[in-house]
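*Asks:* Based on what follows, work out the 3D shape:
(one chain, ligands or ions: 2)
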Amino acid sequence: MTRTTRRSFLGKASAGGLMVVSGSAWGQATVELPFAPSERALTKGFPQKGPMILQRTRPPLLETPFEVFDRGVFTPNDSFYVRWHWAVIPTEIDVGTFRLSVRGHVDKELSLTLKEIVDGLPRVELVAVNQCSGNSRGFTEPRVPGAQWANGAMGNAKWMGVRLRDVLDRAGVKAGATAVRLAGLDDPVVPEAPKFMKSLALDHASDGEVMIAYAMNGEQLPLLNGFPLRLVVPGWYSTYWVKMLAHIEVLAAPDENFWTRNAYLIPDTPGADMKPGQTGLTMVPITRMVPRSFVTNLKDGATLKAGTKTLVRGIAFGGDTGVKSVELSVDGGMSWLPTVLGRDEGKYSFRQWQAEVTPSAGNVALMVRCTNDGGLVQPMANNWNPSGFMHNGIETVHLKAA
Ligand SMILES: Nc1nc2c(c(=O)[nH]1)N[C@H]1C(S)=C(S)[C@@H](COP(=O)(O)O)O[C@H]1N2
Ligand SMILES: [Mo]
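*Replies:* Numbering: from 1, shown residues only. Ligands and ions are numbered 1, 2, ... in the order given. Sure, this is the predicted structure:
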């Protein structure tokens, strides 16, 4: 399926054109979201991207229009969502002078060229969902601050690259190392603000699954998704998936930087659930994803033919493990019907599912739930926490049959 050669990932000297942040380039199209403000602009003004829901211009926050997820389990690169914390993002990368540095608690510091990475280390491929910790935050009740994403701050791709472990082995991790800190080429606008970086425990970083990707879906990474290299941390929320990865630092002490220590914390409760205003909870870093499922071929408010078989189709993912089952309910969750799962692209991938329902006349609330291979099932009610993280309540599509 992937016909791209190794060379072609390095072929372009830049990711093509400048990133447009001026606000002039996009058209008038809008999209409706199911929470206020419900109207969002659809933008075509960003390089290597088709129509995207504009959440913010600088730094860019671009959401995938939901209908894209009905077309297959792989999210096309030009529709893949975009999220950056800081606005100083290179608009061009010189692939000849780019270096990935490996420093810190190692035997030998490295400064690797892209060619050394692509041609010099074993190539690995893996399909995995990349999902923002705050995906679906816009649905949180009571409302919380942060990007008001609907369900499109997620995507699934076939990632190609090298194991982080192989890079670490080349540098030789010294005894006493505990964590690996990763940072990209992006910077805050003001120098006092903390540069974006994240750490993984050494064991996790060297598990052989965490990879440094140089391609997604058979093509080089779009600039806004981290060209030329990004970290892929299968099963974990995307805050760890550092883009434009340029700096790897092996640490011998706990990482005290803001983004690892103080940001991306959730209450240490089942489902990261708490009550607004609740105190005395331990806050811990967000880590593994949880199961989710969505109907993709029927929109809220659609009318079906009563008494007629109707195909219902969607996607699901297990979070940090595979999808065991996806079920539908038309009676408010009293009883659940099985669905048929589509092709298995790997345990970290989206999985398509489908079923037929024959609706009776009236209002139909169609619910969908996923159980993962670890036995974890989506909860009926959505969680609440002040950051709107780990939203995964059972989704309901409200339909009419007539
Ligand atoms: N260098 C860098 N990497 C980053 C970020 C960032 O701000 N800078 N944001 C992270 C967060 S919070 C998310 S959700 C994902 C988004 O990945 P995407 O833009 O490719 O969809 O990138 C992650 N990696
Ligand atoms: Mo995120």
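*Asks:* which stretches of the stretch 151-300 of the chain have low pLDDT?
*Replies:* By pLDDT under 70, the stretch 151-300 of the chain has no low-scoring segment.
*Asks:* what does it have sitting close to ligand 1?
*Replies:* 184, 186, 196, 225-226, 238-239, 241-244 (Cβ under 6 Å from any ligand atom). Placement of C-beta: from N, CA and C, glycine included.
*Asks:* one more time with 5 Å, if that's ok
*Replies:* Selection of the stretch 151-300 of the chain residues close to ligand 1 by Cβ under 5 Å from any ligand atom yields 184, 186, 196, 225, 238-239, 241-243.
*Asks:* Out of these, grab the one that's most surrounded.
*Replies:* Among those, V242 has the most neighbours (other Cβ atoms under 10 Å), with 28 neighbours.
*Asks:* My guess is it contacts L231. True?
*Replies:* Yes: using Cβ atoms under 8 Å, V242 is in contact with L231, at 4.5 Å.
*Asks:* Find the residues that touch each one of these two.
*Replies:* Common contacts of V242 and L231 (Cβ atoms under 8 Å, 6 or more residues apart in numbering): L182.
*Asks:* hang on, the earlier thing: could you export the residues of the stretch 151-300 of the chain next to ligand 1 as JSON lines, including secondary structure?
*Replies:* Output for these, formatted as JSON lines (DSSP: H, G, I helix; E, B strand; the rest coil):
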{"residue": "G184", "secondary structure": "strand"}
{"residue": "D186", "secondary structure": "coil"}
{"residue": "F196", "secondary structure": "coil"}
{"residue": "N225", "secondary structure": "helix"}
{"residue": "S238", "secondary structure": "helix"}
{"residue": "T239", "secondary structure": "helix"}
{"residue": "W241", "secondary structure": "coil"}
{"residue": "V242", "secondary structure": "coil"}
{"residue": "K243", "secondary structure": "coil"}
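*Asks:* Export those residues as JSON lines, with columns for distance to R313.
*Replies:* Compiled in JSON lines, those are given as follows (distance: Cβ to Cβ, whole Å):
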{"residue": "G184", "distance to R313": "37"}
{"residue": "D186", "distance to R313": "37"}
{"residue": "F196", "distance to R313": "37"}
{"residue": "N225", "distance to R313": "27"}
{"residue": "S238", "distance to R313": "25"}
{"residue": "T239", "distance to R313": "30"}
{"residue": "W241", "distance to R313": "28"}
{"residue": "V242", "distance to R313": "34"}
{"residue": "K243", "distance to R313": "31"}
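*Asks:* can you put these in CSV and add distance to ligand 2?
*Replies:* Converted to CSV, these look like this (distance: Cβ to the ion, whole Å):
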residue, distance to ligand 2
G184, 14
D186, 14
F196, 10
N225, 13
S238, 5
T239, 5
W241, 9
V242, 11
K243, 11
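*Asks:* tell me which of those is nearest to T279?
*Replies:* Taking Cβ to Cβ as the measure, T279 sits nearest to T239 out of those, at 24.8 Å.
*Asks:* Against G184, how distant is that closest one?
*Replies:* As judged by Cβ to Cβ, to the nearest Å, T239 and G184 stand 13 Å apart.
*Asks:* for V295, same thing?
*Replies:* In this view, V295 and G184 are 35 Å apart by Cβ to Cβ.
*Asks:* go on, P270?
*Replies:* For P270 relative to G184 (Cβ to Cβ), the value is 33 Å.
*Asks:* Find the residue closest to whichever residue of the stretch 51-200 of the chain sits closest to ligand 1 in space, skipping its chain neighbours.
*Replies:* At 2.9 Å from ligand 1, G184 is the closest residue in the stretch 51-200 of the chain, using Cβ to the nearest ligand atom. Beyond its immediate neighbours in the sequence, the residue positioned closest to G184 (Cβ to Cβ, 6 or more residues apart in numbering) is M244, lying 3.8 Å away.
*Asks:* Tell me how many other residues crowd the one you found.
*Replies:* 23.
*Asks:* And M197, by the same measure?
*Replies:* Residues contacting M197 under the criterion other Cβ under 10 Å number 17.
*Asks:* cool, and N135?
*Replies:* Number of residues near N135 (other Cβ under 10 Å) recorded here: 28.
*Asks:* That one: which element?
*Replies:* Counting by DSSP states H and E, there is no helix or strand that carries N135.
*Asks:* Leaving out sequence neighbours, find the closest residue to it.
*Replies:* Counting by Cβ to Cβ, 6+ apart, A153 is the residue found nearest to N135 once chain neighbours are left out, at 3.9 Å.
*Asks:* what ranges do the helices span in this protein?
*Replies:* 114-120, 164-171, 202-205, 258-261 (DSSP state H).
*Asks:* before we move on, the earlier item: give the contact list for the residue nearest to N135.
*Replies:* Residues near A153 by Cβ under 8 Å, 6+ apart: 63-64, 81, 83, 131-132, 134-136, 147.
*Asks:* doesn't P194 make contact with F258?
*Replies:* Yes: using Cβ under 8 Å, F258 is in contact with P194, at 3.9 Å.
*Asks:* Could you check how far A215 is from A183?
*Replies:* 21 Å.
*Asks:* ok, those two, which is more surrounded?
*Replies:* Between A215 and A183, counting by other Cβ under 10 Å, A215 is the more crowded of the two (24 against 21).
*Asks:* Would you mind confirming that the more buried one makes contact with V162?
*Replies:* No: the pair A215 / V162 is not scored as a contact, 11.0 Å apart, by Cβ under 8 Å.
*Asks:* I figured S238 hits G134, correct?
*Replies:* No: counting by Cβ under 8 Å, S238 sits too far from G134 to count as a contact (9.8 Å).
*Asks:* Grab the nearest non-local neighbour of G271.
*Replies:* N383 (4.7 Å).
*Asks:* Quick check, pLDDT for the one you found.
*Replies:* Per-residue pLDDT puts N383 at 98.
*Asks:* and L328, how many neighbours?
*Replies:* L328 has 23 neighbours, counted by other Cβ under 10 Å.
*Asks:* Can you give me the distance of the closest residue to it other than its chain neighbours to A215?
*Replies:* Using Cβ to Cβ, 6+ apart and skipping residues adjacent in sequence, the residue nearest L328 is L337, 4.9 Å away. Note on L337: its distance to A215, by Cβ to Cβ, is 39 Å.
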